[in-house]
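Colleague: from the sequence below, what's the structure:
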Amino acid sequence: MDDKIFAPKPREIITKENIIQFQDLEIGIQADFSEIIAKLNLRFGTDLKTRLEGFHITIISPLESKILRDFTKEDVRELQEIIIEIQQGRGLSIKGIGYIDGSNSVFRVQDFDRTKKVAFIALDIPRMREFRKRKELPPKDFHITLGFENDDIHEQINNQGESELMPKQPDPKFNDLIILLPKLKFTGLKETKETDPNVEELKRLINDSNFEAQFLAVQTRVERAKRNKLLNSAQKRDLETRLAEANALLLQATKIQTQNLNQLKKALEQPTPQLVEALNIWGRSRNVRGEYGPDQKGFNAGVVHYFEYRAHVGKNKKRFKPEYTFSVGGFIAHTKQYKSFLENSNPTTNSQIETARLLEDSKGNRRLYILTKEKEFIVGFERVGEGMKILSVFLEQNTQKLNKATDDELNSTEKARTRFNRLEGVITEIPL
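Modeller: Okay, here's the model as predicted:
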């Protein structure tokens, strides 16, 4: 299948001096895979999407990038030779096409990966494989991700219950599609593009050690409370056995939540267009500590309400349905659900809405209150020149709550005047 590879003119790529600046090593690819993706979508009834930043082969991942600092000049020279060989179309072969469906995979996937599907081209790069082995990096199935639904699948659970890289091997049943593969043009190392500011904001939160400690404490509070109750129990019968069981449950809960957090960190290494789009559907708000941010413009409300609130006992209540997991996929699904109410907020045309009220100030800014028939209270805000954005969602609310919030705005109470996203001047209610 080497006829599928186009070889451009090689050029120098890396040096000992500049390699430490790389966050990862990815070789860019130019090719039109639209025909093969369309065939896969037709075959499986999927909606596979390509990465916004284009196609690539990852040879050193972001989690492995620290090793680049320790590379000798000889390491850099060999790595550069390998990359140039790939760029020239040498030392690399196409093994076939693979597809993983998280819902019925033969692999053991995390619960949050069960809604995901991914298609890829499996590759063999023998010299790079040996280079990684010599540098004591784990075995890696080199591949080009063609497209995915609800994000890529990066890991599986091994027999020891630990996370490890998901195998990306070809499947012979897709051999009939190989003829559709276009010529691949390797463009050398990809430059790391500036990521969406909302994604960067989410990364900073998730990677903060204080957030991690608070998140684990909140998400395991039930198991912790049961263990602590036994520690203070006056009933000594079978206490040692019951305490051991409680500690085991707490350990398991902590392990699961740590896996969720690590999976989220990994997903944010290569944010998808769907995540960027979902984050931009949310407005700005104060964070859990009531802070306005360094530029006084607030924080992304999706980051605050969906992710940060998970680490706060009081805020964690009545915010999330069980199906909206602590994951990129859960956040995207959560956002899509409530975005649909902003797009059609009229109870006469949207049977899922109990009631809704829309307010506008003298500047043209608008605030929208929606109560669904499932008792979800959705707050939206639209600044002049922008679309309606989600601010927050509360579960188990009622009409009285909605009307009270509306009356606060109309009467310009102190609570309404001190909102971060406040209406100003003359405020009137307008028809939906």
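Colleague: the domain parsing of the protein - what is it?
Modeller: 2-193, 196-318, 344-432 (automatic domain parsing).
Colleague: determine how far the last residue of the last one lies from the first.
Modeller: In this case it means domain 344-432. Start to finish, the residues bounding domain 344-432 are 9 Å apart (Cα to Cα, to the nearest Å).
Colleague: show me how far it is from its chain's centre.
Modeller: 28 Å (Cα atoms, centre = their mean, to the nearest Å).
Colleague: for the record, mean pLDDT for that domain?
Modeller: Averaged over domain 344-432, pLDDT sits at 92.
Colleague: next one: the longest one
Modeller: The predicted model gives domain 2-193 an average pLDDT of 84.
Colleague: for stretch 290-309, same thing?
Modeller: Here the average pLDDT along stretch 290-309 is 87.
Colleague: then stretch 267-276?
Modeller: 83.
Colleague: so which bits of it are buried?
Modeller: Under the neighbour-count criterion of 16 or more other Cβ atoms under 10 Å, stretch 267-276 has 267-272, 274-275 buried. Where C-beta positions appear, they are placed from N, C-alpha and C, glycine not excepted.
Colleague: could you export the residues you listed as TSV, including distance to Asn403?
Modeller: TSV is the format used below for those (distance: Cβ to Cβ, whole Å):
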residue	distance to Asn403
Ala267	40
Leu268	39
Glu269	45
Gln270	45
Pro271	39
Thr272	39
Gln274	35
Leu275	35
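Colleague: can you add distance to Ser327 and give the domains of the chain back as a markdown table?
Modeller: Formatted as a markdown table, the domains of the chain follow (distance: least, Cβ to Cβ, whole Å):
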| stretch | distance to Ser327 |
| --- | --- |
| domain 2-193 | 4 |
| domain 196-318 | 6 |
| domain 344-432 | 17 |
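Colleague: who wins for proximity to His334 among those domains?
Modeller: Comparison of these against His334 by Cβ to Cβ identifies domain 196-318 as nearest, at 6.2 Å.
Colleague: so how far is that closest one from its chain's centroid?
Modeller: Counting by Cα atoms, centre = their mean, domain 196-318 comes out at 15 Å from the chain centroid.
Colleague: same question for stretch 325-333.
Modeller: Distance, centroid of stretch 325-333 to centroid of chain: 7 Å (Cα atoms, centre = their mean).
Colleague: go on, stretch 170-182?
Modeller: With Cα atoms, centre = their mean, you get 29 Å for stretch 170-182.
Colleague: re earlier: relative to Gly329, which of the domains of the chain is closest?
Modeller: domain 2-193 (4.8 Å).
Colleague: my read is Lys203 is in a helix, agree?
Modeller: Yes: residue state for Lys203 (DSSP: H, G, I helix; E, B strand; the rest coil) corresponds to a helix.
Colleague: ok, it touching Leu268?
Modeller: Yes: in this structure, Lys203 is within contact of Leu268 by Cβ atoms under 8 Å, at 5.2 Å.
Colleague: buried stuff in the host helix or strand of Gly96?
Modeller: Gly96 belongs to strand 93-101 when elements are defined using DSSP states H and E. Buried residues in strand 93-101, counting neighbours by 16+ other Cβ under 10 Å, are found at 94-101.
Colleague: paired strands for it, with orientation please.
Modeller: Sheet pairing of strand 93-101 (DSSP bridges) gives strand 117-124 (antiparallel).
Colleague: contact partners for Gln156?
Modeller: 107-109, 163-167 (Cβ atoms under 8 Å, 6 or more residues apart in numbering).
Colleague: and the strands in the stretch 301-432 of the chain, which stretches?
Modeller: 353-360, 366-372, 377-382, 389-394, 428-430 (DSSP state E, counting those that start in this stretch).
Colleague: need those in TSV (columns: distance to Phe299).
Modeller: Below are those laid out as TSV (distance: least, Cβ to Cβ, whole Å):
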stretch	distance to Phe299
strand 353-360	24
strand 366-372	19
strand 377-382	14
strand 389-394	12
strand 428-430	29
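Colleague: so which of those gets nearest Ile36?
Modeller: The nearest among those, by Cβ to Cβ, is strand 389-394 at 36.0 Å.
Colleague: so what's the residue nearest the centre of the chain up against?
Modeller: The centroid of the chain falls nearest to Val328 when counting by Cα atoms, centre = their mean (2.9 Å). Contacts here follow Cβ under 8 Å, 6+ apart; on that basis Val328 touches 151, 264, 267-268, 271-272, 275.
Colleague: name the element Asn260 belongs to?
Modeller: Asn260 belongs to helix 239-267, assigned by DSSP H and E.
Colleague: helices or strands next to that helix in the packing?
Modeller: Under the contact criterion of 3 or more Cβ pairs under 8 Å, 6 or more residues apart in numbering; DSSP states H and E, helix 239-267 touches strand 163-165, helix 197-206, helix 209-219, helix 221-231.
Colleague: ok, residues contacting the second one?
Modeller: When contacts are defined by Cβ under 8 Å, 6+ apart, helix 197-206 is touched by residues 195, 211-212, 261, 264-265, 268, 271, 275-276, 279-280, 282, 299-300, 302-303, 307-308.
Colleague: try the first one
Modeller: Where contact means Cβ under 8 Å, 6+ apart, the residues beyond strand 163-165 that reach it are 110, 138-141, 154-158, 259, 262-263.
Colleague: again, only this time at 10 Å
Modeller: With Cβ atoms under 10 Å, 6 or more residues apart in numbering as the test, strand 163-165 has contacts from 61, 110, 138-141, 154-158, 259, 262-263, 266.
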